[in-house]
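J.: quick one: sequence and predicted model below, then my questions.
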Amino acid sequence: QSFRDKWQEWNAQGLRLHDIHVRRRGSKTLYSGVFRPGSGAYGLWANVTWDSFRAKWQEWSNQGLRLVDIHVHRVGNENRYSGVFLPGSGAYGLWANVTWDSFKAKWQELSRQGLRLVDIHVHRVGDQTRYSGVFLPGRGGYGLWANTTWSSFVSKWREWSNQGLRLVDLNMHQVGNSIRYSGVFLPGNDSHYLWANVTFESLRAKWQELAKQGLRLIDFEITNAEDDAANFADISLGRGEISYSPLEQEAFGGIFGQETLNDVVDFSQAPLEGGGGIGTGNGAKADPKVDRDLEMNGGVFFPNESENSNDQEGLGGAFFNIESADLPMTEVEGYGGVVLPD
């Protein structure tokens, strides 16, 4: 069963796609997605050129949808874009396929205007690292830690989790023989878990285990040797081993109902190399503190107003208790669709 068929089936059953991952394996394009309960309008536009994606983004934004997740993958010498759309209102922004300096500047600019980065995608184009991000209205603390090693990333994850931020989006990309991690952080004080750079069997087992404990998967990543490799391989557990898992070649997923949850769940596992760990939801509020691109890709749009608008390790920062600005709050190119309320 194709991804599009499953997307349509589960939408009809009250689920909505929130996160999409697209990758090439040989001559095939493979899709993975995270579905959560939802209602109302929804859209998916996948495997398209930038011009097609931007046009659809603008069209559907004008119809009351907002881009919530973006993924970029390489097909030959060009980028292909895929995006998930859900109901939304107010300001929104997209800044895509730019250098770190351009992305960081736009992130800081839009954050001051009351937008928050909610999704990031990082990919390699030759020897350059390119960044793409989705921005939606938000307030309060926020953080971005990009293009880092695992040890740096998990250290920052622990630190910011204890200061009242939660990881809401994770991206992994390959640089030579190493995996680099990038993450988006927004305010939160609930229980949370990170399980990273493991085999599919390990991820599936952890997903099922945590679902029974009241946690839901919100973001999914697969790291590959190279986005445009002729034959795809998955890096397993960071040991530099190349392996193909038969389970990864078949579609897997399912709908899981509301489990009966204990009032208190014992989340005590600490983060380890090649894995992840749990936070108990006791993040404290932090004191206030403030810890040019090759293409003009994207833009930011405010209600009744529009504006069109190489790498180091360990980039980003966190900002706490910032007041938001006073703003109203098939394997073919171009497949997907939109469903709007009657």
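T.: The structure has been received and is ready for your questions.
J.: can you find the helix or strand in the protein with the smallest mean pLDDT?
T.: strand 241-243 (a mean of 24; mean pLDDT, DSSP states H and E).
J.: phi, psi for Ile20 please.
T.: Ile20 has phi and psi values of phi -130, psi 140 when expressed as degrees, to the nearest 10.
J.: list the contacts for the nearest residue to it once chain neighbours are set aside?
T.: Leaving aside its sequence neighbours, Ile20 sits nearest to Gly33 (Cβ to Cβ, 6 or more residues apart in numbering; 4.9 Å). All C-beta spots, glycine's among them, are computed from the backbone N, C-alpha and C. Contact analysis of Gly33 by Cβ atoms under 8 Å, 6 or more residues apart in numbering lists 3, 7, 17-21, 84, 220.
J.: residues near Gly126, how many?
T.: Gly126 has 7 neighbouring residues, counting by other Cβ atoms under 10 Å.
J.: what score does it have for pLDDT?
T.: At Gly126, the pLDDT value in this model is 87.
J.: and it, how far from Trp100?
T.: For Gly126, the distance to Trp100 equals 15 Å [Cβ to Cβ, to the nearest Å].
J.: wait, doesn't Ser89 sit right on Asn62?
T.: No. With contact defined as Cβ atoms under 8 Å, Ser89 does not reach Asn62; the gap is 11.6 Å.
J.: so the two - more neighbours on which side?
T.: Taking other Cβ under 10 Å, Ser89 and Asn62 do not tie; Ser89 has more neighbours (13 against 9).
J.: need phi/psi at the nearest residue to the more buried one once chain neighbours are set aside.
T.: Counting by Cβ to Cβ, 6+ apart, Ser89 lies nearest to Gly64, which is 6.9 Å off, once chain neighbours are set aside. Main-chain torsions, Gly64, degrees, to the nearest 10: phi 90, psi 10.
J.: measure how buried Gly64 is and give me the count.
T.: 14.
J.: tell me the contacts of it?
T.: Gly64 sits next to 41, 87-89, 340 when contact means Cβ under 8 Å, 6+ apart.
J.: try 7 Å
T.: Listed by Cβ atoms under 7 Å, 6 or more residues apart in numbering, the contact set of Gly64 reads 41, 87, 89.
J.: what's opposite the second one in the beta bridge?
T.: Read that as Pro87. Leu65 (DSSP bridges).
J.: that one against Ala41, yeah?
T.: Yes. Counting by Cβ atoms under 7 Å, Pro87 does reach Ala41; the two are 5.1 Å apart.
J.: overlap in contacts of the two?
T.: 64-65.
J.: what ranges in the stretch 151-300 of the chain fall below the confidence cut-off?
T.: 224-300 (pLDDT under 70).
J.: and if we set it to 50?
T.: 225-297, 299-300 (pLDDT under 50).
J.: do the same with the stretch 1-150 of the chain
T.: Residues of the stretch 1-150 of the chain meeting the criterion pLDDT under 50: none.
J.: ok, which stretches of it are helices?
T.: 3-12, 50-61, 100-112, 150-161 (DSSP state H, counting those that start in this stretch).
J.: okay, those in CSV with mean neighbour count and distance to Val68 next?
T.: As requested, those are exported to CSV (neighbours: other Cβ atoms under 10 Å; distance: least, Cβ to Cβ, whole Å):
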stretch, mean neighbour count, distance to Val68
helix 3-12, 16, 14
helix 50-61, 17, 11
helix 100-112, 18, 16
helix 150-161, 19, 22
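J.: JSON lines please, covering the ones you listed and showing distance to Glu78.
T.: Output for the helices of the stretch 1-150 of the chain, formatted as JSON lines (distance: least, Cβ to Cβ, whole Å):
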{"stretch": "helix 3-12", "distance to Glu78": "21"}
{"stretch": "helix 50-61", "distance to Glu78": "9"}
{"stretch": "helix 100-112", "distance to Glu78": "20"}
{"stretch": "helix 150-161", "distance to Glu78": "30"}
